[in-house]
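*Asks:* here is a sequence with its predicted model. Questions after.
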Amino acid sequence: MIVAILLLVLLGFSMLLNIGLFSGGSHGRRVSRTVGPKLDEVLTEDNDAAAKVAVIEVRGIITSRQSDGGFSMVDLVKAQLKRVEEDEKIKAVILKVDSPGGEVLASDEIYRAINDFQTHCTKPVVASMGNLAASGGYYISAPCRWIVANELTITGSIGVILHSWNYRGLMNKVGVRPQTYKSGKFKDMLSGERDPEEVPPEEREMVQKLIDDTYGKFKTVVADGRKAAHDKNKGNKDPEDQGRALGTDWTDYADGRVLSGKDAVELGFVDQIGNFQDAVKRAEKMAGISKANLIEFQQRFDLSDFFKMFSKSQTPAIKVDLGVEAPKLEAGQLYFLSPTFAR
């Protein structure tokens, strides 16, 4: 009963607030509302400094799906970069990556946001790789000014995968035959209802071209990002501050294989072996400051978000905990994803 009363009070308060906003607008006043996720700055490490370094975390599968708050991972990264740009006290950014990759478009959106920020903003972005920064996880790290990885970090896995199922054999066993009416020869591309022998060679070529074009974009992102970073860093007097250039044979290792952090440094995919604290020191040095407070941005949920969560229909499900959250690959969708997680 107490909970119900509290909910009614909150609902009434929300209605009064909305009425006030609408009435204000009706009298000629402009009503403005915040667009995008609402972020609160949180101090995570106090070093008694005036300067700040912002830590932006990308953890898990990179996806454009919206969370309960109504915003995606892409929205959150963009909003945090905007806050960094607006705050003069924030001198650098650490992109903390622990991800096997994910959706091609979501990865590309985050890459573009970081690349644009790094292009027109003088604040350096340092990537700090955790256990895993493979495929799409490396894709979003490529535009950073400096990349730090542990020698045991799993990275690389430069490539593209498109997953589909063929269940025609099972249909034949149970006596089910599909009937398909289509407007064109290739309208049922990637359909799992056909015998593999029924797939025309032209279709296989078109799908492979799509994969090859996306893979070519991946390699361009790596080449351009590492070159831009090295061009900016090689002017430093200390060789340790000049970073690593891509090896001349780096494309031989961009075939989907995973690399250790140690191998990635030798090939020029990573600038430095180290941990998160090493990334912090590097960010401070590149920003020209001796010390900084570490801050993060956390999404704030207000009353409207609270009721939005209750308005969503929930379907009961049984979840088996295997110790790792495997991604749900959608048939026909392109992924920058480590092969370990693509099965």
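*Replies:* Thanks, I have it.
*Asks:* now the helices for the stretch 1-150 of the chain?
*Replies:* For the stretch 1-150 of the chain, the helices defined by DSSP state H, counting those that start in this stretch occupy 2-26, 73-86, 104-120, 136-139.
*Asks:* tell me, please, the helix or strand in this protein that averages the lowest pLDDT.
*Replies:* Among the helical and strand segments of the chain, the one scoring lowest on mean pLDDT, DSSP states H and E is helix 303-311, with a mean of 52.
*Asks:* okay, now the unreliable bits of the protein?
*Replies:* 12-35, 68, 302-333, 339-343 (pLDDT under 70).
*Asks:* got the contact list for the residue nearest the centre of it?
*Replies:* When C-alpha atoms, centre = their mean is applied to the chain, the residue found nearest the centroid is Ile62 (4.2 Å). Contacts for Ile62 were tallied using C-beta atoms under 8 Å, 6 or more residues apart in numbering; they are 73, 99, 101-103, 106-107, 110, 136-137, 140, 336. Using the backbone N, CA and C atoms, a C-beta is placed for each residue, glycine as well.
*Asks:* do a quick rundown of the helices in the stretch 151-300 of the chain.
*Replies:* If you assign secondary structure with DSSP H, counting those that start in this stretch, the helices in the stretch 151-300 of the chain sit at 168-174, 201-233, 261-267, 276-287.
*Asks:* could I get these as a markdown table with mean neighbour count?
*Replies:* Output for the helices of the stretch 151-300 of the chain, formatted as a markdown table (neighbours: other C-beta atoms under 10 Å):
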| stretch | mean neighbour count |
| --- | --- |
| helix 168-174 | 11 |
| helix 201-233 | 15 |
| helix 261-267 | 19 |
| helix 276-287 | 19 |
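*Asks:* could you dump those to CSV with distance to Leu190?
*Replies:* Below are the helices of the stretch 151-300 of the chain laid out as CSV (distance: least, C-beta to C-beta, whole Å):
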stretch, distance to Leu190
helix 168-174, 13
helix 201-233, 7
helix 261-267, 33
helix 276-287, 41
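*Asks:* so which of the ones you listed gets nearest Ala54?
*Replies:* Comparing the helices of the stretch 151-300 of the chain against Ala54 with C-beta to C-beta, the closest turns out to be helix 276-287 (9.4 Å).
*Asks:* for Ile154, find the nearest of the helices of the stretch 151-300 of the chain.
*Replies:* Closest approach to Ile154 among the helices of the stretch 151-300 of the chain is made by helix 261-267 (8.1 Å; C-beta to C-beta).
*Asks:* and that closest one, what does it pack onto?
*Replies:* Here helix 261-267 touches strand 146-149, strand 154-156, strand 272-273, going by 3 or more C-beta pairs under 8 Å, 6 or more residues apart in numbering; DSSP states H and E.
*Asks:* how far away is Gly101 from Phe218?
*Replies:* 10 Å (C-beta to C-beta, to the nearest Å).
*Asks:* likewise Val74?
*Replies:* Val74 sits 18 Å away from Phe218, going by C-beta to C-beta.
*Asks:* deepest-packed of the helices and strands packed on helix 261-267, please.
*Replies:* Scoring these by mean neighbour count under mean count of other C-beta atoms under 10 Å gives strand 146-149 as the most buried, with a mean of 29.
*Asks:* note down every partner strand of that strand and its orientation.
*Replies:* Strand partners for strand 146-149, identified by DSSP bridges, are recorded as strand 125-134 (parallel), strand 272-273 (parallel).
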